[in-house]
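Student: coordinates only, sequence not included:
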């Protein structure tokens with residue numbers, strides 16, 4: 001599929017790109033390349049995120065839920081594959097050549113890589129005993145009584161220094177994720193509740209990606225908090241903070257240049273059932289992530305009459321306006337879900353009431369009776385909870401803002417089980433009005449699950465990535481299934497009156513069978529909750545969930561079918577004995593694609 005980099009310039013009659021230009025990009029590359037192919041669940045990655053460094057656009061940073069440091073299934077009972085207590089799952093990957101190649105550094109922390117176990121029984125003599133050792137996930141969590149718990153989000157902004165935020169001070173990488181307490185013993189860094197939002201930072205991106213493990217780890221010691229991840233969310237004993245995203249105001253034209261924003265859904269008292277309040281939150285930092293001020297967005301409710309914003313995305317334009325999006329219901333919309341937007345014009349100090357910008361939207365999945373979650377590909381399939389959640393990008397002209405159009409692009413998945421679509425809508429007037437959403441998936445058999453857009457800072461190119469199933473909904477676990485990553489492109493315009501053009505497929509990744517992916521409980525497939533894209537003014541890049549290297553396991557298929565039929569007594573198979581070696585080997589693949597406009 002590398003041909004797309006070479007011939008993309010022919011689309012729309014543009015000149016052919018030179019071989020030298022093409023060599024800087026790779027349309028299909030394994031991003032999570034530090035992961036082993038076996039055993040499960042060390043070979044499991046999903047839910048990718050990516051960001052470009054606006055000031056040094058050859059630099060890309062990605063993250064994922066990465067179980068590289070977890071115990072193998074044989075460590076303990078051979079048919080259980082648990083999350084090892086205390087072991088982190090926030091993987092990080094770096095590219096310094098525009099996505100042509102990637103590296104996953106090795107740090108030290110709480111690790112269960114040594115917990116491989118032996119065949120048979122409960123392995124009492126070789127049960128998992130984690131220890132300080134090599135990790136492929138974020139450092140400094142164990143040392144501060146914390147656990148990096150996935151749901152990755154990354155952003156790059158300017159480094160603060162003398163005279164405030166300036167690109168000449170360098171770049172600061174922010175990595176936000178869910179954060180758990182390491183144990184029951186409280187310390188200054190630990191917190192109340194089930195999950196908090198933590199943010200790690202580094203001003204030394206190249207060093208953090210290096211092969212010197214000590215120097216790479218120490219590169220994450222940044223700001224007033226030193227080496228400790230910063231806890232962003234205000235927590236109570238019943239708080240579960242979830243599904244965060246992060247953004248740094250990276251256009252120097254903005255009066256709030258350097259501000260950092262994190263959004264997330266805050267669930268409180270969910271054990272109380274229908275009356276449990278939940279609310280979208282936004283936290284803002286004006287000092288490079290040392291301190292944060294939290295703001296609620298919209299009402300706190302989660303019941304049959306009202307669903308609060310979830311699946312949030314946050315961005316800024318060249319004028320410093322900040323926008324947060326989520327999917328939720330509005331009373332005037334017949335209790336149906338819409339894509340909602342709230343805006344701040346003063347650097348995040350205050351936020352407008354959320355209002356609908358697209359919809360109504362529908363969850364295209366059907367409820368799986370074992371998971372209790374919606375699925376799109378088939379019974380015992382991968383959950384599709386946040387398929388309708390919005391993903392947004394803005395042409396803010398970063399790093400200077402000089403060539404900004406401030407065009408806003410938004411995608412989401414909506415439709416029916418037989419016909420889900422990737423919908424695209426846009427705004428050229430700072431979110432006041434939005435175009436009629438249009439379906440943009442390119443394959444006639446594509447049944448999308450997750451999507452994300454990116455727009456070049458100068459507003460000339462829009463890239464959209466999506467994961468799609470290319471097989472019909474399966475009412476059994478025996479028929480093969482197919483999952484692919486797809487990237488499409490359209491030309492855009494500096495003119496507010498000119499809509500983004502027709503989307504053309506520029507890459508389709510290799511097909512894989514999602515039955516080869518797995519939740520740690522083995523009961524169903526697992527692909528996380530999103531994919532991601534980013535763009536510079538010369539290229540776009542994307543990351544997606546990929547199962548091309550995952551082997552289907554007939555024993556697991558049969559057991560999952562039994563669960564669907566009500567059999568709760570048959571023991572689960574033992575993956576390392578009863579399955580092909582690469583069962584569960586879901587990966588993060590990605591690609592980067594040159595701007596076809598000369």
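Tutor: Yep, that arrived. Not measured: the values here are computed from a predicted model.
Student: pull the longest helix from the chain.
Tutor: In terms of residue count, the longest helix belonging to the chain (DSSP state H) is helix 554-564.
Student: Output the contacting helices and strands for the helix or strand that comes right after that one.
Tutor: Scanning forward in sequence from helix 554-564 by DSSP states H and E, the next helix or strand is helix 575-578. Helices and strands touching helix 575-578, by 3 or more Cβ pairs under 8 Å, 6 or more residues apart in numbering; DSSP states H and E, are helix 554-564. To be clear about C-beta, it is placed using only N, CA and C from the backbone, and glycine gets the same treatment.
Student: residue ranges with poor pLDDT in the stretch 101-250 of the chain?
Tutor: Along the stretch 101-250 of the chain, segments meeting pLDDT under 70 span 121-127, 184-189.
Student: go on, the chain?
Tutor: Per-residue confidence for the chain (pLDDT under 70) gives these ranges: 1-24, 121-127, 184-189, 269-277, 300-306, 332-334, 596-598.
Student: the helices in this structure, which residues?
Tutor: 3-7, 19-22, 205-208, 213-218, 554-564, 575-578.
Student: Quick one, which of these gets closest to residue 344.
Tutor: Taking Cβ to Cβ, helix 205-208 is the member of the helices of the chain nearest to residue 344, at 28.1 Å.
Student: ok, back up a step: with distance to residue 430 added, can I get the helices of the chain in a markdown table?
Tutor: Below are the helices of the chain laid out as a markdown table (distance: least, Cβ to Cβ, whole Å):
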| stretch | distance to residue 430 |
| --- | --- |
| helix 3-7 | 34 |
| helix 19-22 | 34 |
| helix 205-208 | 31 |
| helix 213-218 | 41 |
| helix 554-564 | 48 |
| helix 575-578 | 51 |
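Student: Now tabulate these in a markdown table and tack on distance to residue 535 and mean neighbour count.
Tutor: Putting the helices of the chain into a markdown table (distance: least, Cβ to Cβ, whole Å; neighbours: other Cβ atoms under 10 Å) gives the following:
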| stretch | distance to residue 535 | mean neighbour count |
| --- | --- | --- |
| helix 3-7 | 15 | 18 |
| helix 19-22 | 16 | 13 |
| helix 205-208 | 19 | 18 |
| helix 213-218 | 28 | 16 |
| helix 554-564 | 39 | 18 |
| helix 575-578 | 39 | 19 |
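Student: so what's residue 483 bridging to?
Tutor: Here residue 483 shows beta-bridge partners residue 469, residue 512, assigned using DSSP bridges.
Student: I'd like the distance between it and residue 160.
Tutor: Taking Cβ to Cβ, to the nearest Å as the criterion, residue 483 is separated from residue 160 by 42 Å.
Student: These two: which is more packed in?
Tutor: Neighbours were tallied for residue 483 and for residue 160 using other Cβ atoms under 10 Å; the higher tally belongs to residue 483 (31 against 20).
Student: Check which residues of stretch 229-241 are buried.
Tutor: Applying a neighbour-count criterion of 16 or more other Cβ atoms under 10 Å, one finds 229-235, 238-241 buried in stretch 229-241.
Student: For stretch 433-445, which outside residues touch it?
Tutor: Applying Cβ atoms under 8 Å, 6 or more residues apart in numbering, the contact partners of stretch 433-445 are 357-358, 410-411, 421-427, 448, 464, 466, 468, 470-471, 484, 486, 488, 490, 499, 503-505, 508.
Student: chain center to it: distance?
Tutor: For stretch 433-445, the separation from the chain centroid amounts to 22 Å (computed by Cα atoms, centre = their mean, to the nearest Å).
Student: swap in stretch 354-363?
Tutor: The chain centre lies 21 Å from the centre of stretch 354-363; the measure is Cα atoms, centre = their mean.
Student: Repeat that for stretch 481-488.
Tutor: 16 Å.
Student: Name the nearest residue to residue 451, sequence neighbours excluded.
Tutor: Distance criterion Cβ to Cβ, 6 or more residues apart in numbering; nearest residue to residue 451, sequence neighbours excluded, is residue 466 at 3.9 Å.
Student: Check the contact between the one you found and residue 453; I expect there is one.
Tutor: No: taking Cβ atoms under 8 Å as the definition, residue 466 is not a contact partner of residue 453, at 9.6 Å.
Student: more crowded one of these two?
Tutor: When residue 466 and residue 453 are compared on other Cβ under 10 Å, the one with more neighbours turns out to be residue 453, at 32 against 29.
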